[in-house]
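> what follows is a predicted protein model with its sequence.
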Amino acid sequence: MLDQFYSLNTHSWFGILMGTLLLTGCGSSGPSRMEEKPKSEPIREKKLLLSEYEATLNPVKFDREIEAAPNVQKPEVQQSSPVDIPRDTLIVQEEVIQGFRIQIFSSSNVDETTLMKNLALEKFVGDSIYVVYDAPVYKVRVGDFVNRYEANQRLPEFIEKGYRDAWIVPDRIIQRKFVRMPIPH
């Protein structure tokens with residue numbers, strides 16, 4: 001009987017202790033309600049008219065000395081001869097030659113191929129991307145490499161970007177050259 005009383009009493013004391021800790025822990029150390037501070041009205045400056053301001057201005061109050069800027073004359077700009085405008089222009093000349101491209105994808109589904117082409121456009125911004133249809137397969141190819149060496153130099157980049165099955169294929173490529181053409185007078 002004494003053991004039951006003792007265990008009941010221990011549990012009761014433990015409950016009371018926890019409740020007290022909980023209540024004191026949740027309280028704040030400051031006052032329970034916020035004290036409202038009286039709002040001060042904004043200070044409104046009296047606007048003066050420009051004529052009133054000028055009438056009350058006293059330059060003597062400003063006792064700092066002001067250094068006068070030296071009077072420096074700017075040298076006269078010599079008139080130069082008219083700018084020589086070149087009488088020619090650069091144009092891009094395209095030529096279709098035998099070369100190489102890197103094939104990154106092939107599928108018989110045109111929608112998958114289009115999706116892969118769009119992803120490749122985002123990943124390979126400076127390169128030309130082509131879709132070649134060789135019935136019944138659509139192929140996504142990248143680049144216009146004049147020789148196999150150039151394509152081999154770029155192939156690791158494609159593999160690093162997730163195109164593990166990328167490989168070099170011979171293809172007709174577009175070679176672009178800048179050519180200077182004279183402008184007729």
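That came through, no problem.

> quick one: residues contacting Arg148.
100, 168 (Cβ atoms under 8 Å, 6 or more residues apart in numbering). Glycine gets a C-beta too; all of them are placed from N, C-alpha and C.

> check it and give its pLDDT.
pLDDT recorded at Arg148 is 95.

> can you check the one 5 residues further on too?
As predicted, Gln153 sits at a pLDDT of 95.

> tell me how far it lies from Val146.
According to Cβ to Cβ, to the nearest Å, Gln153 and Val146 sit 12 Å apart.

> neighbour count: the two, which is higher?
The neighbour comparison of Gln153 against Val146 (other Cβ atoms under 10 Å) goes to Val146, with 13 against 10.

> quick one: the more buried one from Lys139, how far?
Counting by Cβ to Cβ - Val146 and Lys139 are separated by 20 Å.

> also Gln93?
The span separating Gln93 from Lys139 equals 27 Å under the rule Cβ to Cβ.

> comparing those two, which residue is more hemmed in?
More crowded of Gln93 and Lys139, by other Cβ under 10 Å: Lys139, with 19 against 11.

> doesn't the more buried one fall inside a strand?
Yes: judged by DSSP: H, G, I helix; E, B strand; the rest coil, Lys139 forms part of a strand.

> note down every partner strand of the helix or strand harbouring Val131 and its orientation.
Secondary structure from DSSP states H and E places Val131 in strand 129-134. Strand 129-134 pairs in its sheet with strand 137-145 (antiparallel), by DSSP bridges.

> immediately after the partner strand, which helix or strand?
Using DSSP H and E, the helix or strand that directly follows strand 137-145 along the chain is helix 148-160.

> what's the angle from the helix or strand just after that following helix to helix 148-160?
Of the helices and strands lying after helix 148-160 in sequence (DSSP H and E), the nearest is strand 167-182. Put simply, strand 167-182 runs at 120 degrees to helix 148-160, going by axes from the mean of the first three to the mean of the last three Cα atoms, to 10 degrees.

> ok, back up a step: could you pull up the mean pLDDT of the strand holding Val131?
93.

> would you mind pulling the contact partners of that strand?
Contact with strand 129-134 is made by 101, 113-114, 117, 120-121, 138-142, 171, as judged by Cβ under 8 Å, 6+ apart.

> please indicate which of those residues are buried?
101, 113, 117, 120, 138-142, 171 (16 or more other Cβ atoms under 10 Å).

> could you dump those to a markdown table with distance to Val132 and pLDDT?
Output for the buried ones among the contacts of strand 129-134, formatted as a markdown table (distance: Cβ to Cβ, whole Å; pLDDT from 0 to 100):
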| residue | distance to Val132 | pLDDT |
| --- | --- | --- |
| Arg101 | 9 | 95 |
| Thr113 | 10 | 95 |
| Lys117 | 11 | 95 |
| Ala120 | 13 | 93 |
| Tyr138 | 7 | 96 |
| Lys139 | 5 | 95 |
| Val140 | 8 | 96 |
| Arg141 | 6 | 96 |
| Val142 | 11 | 95 |
| Asp171 | 8 | 94 |
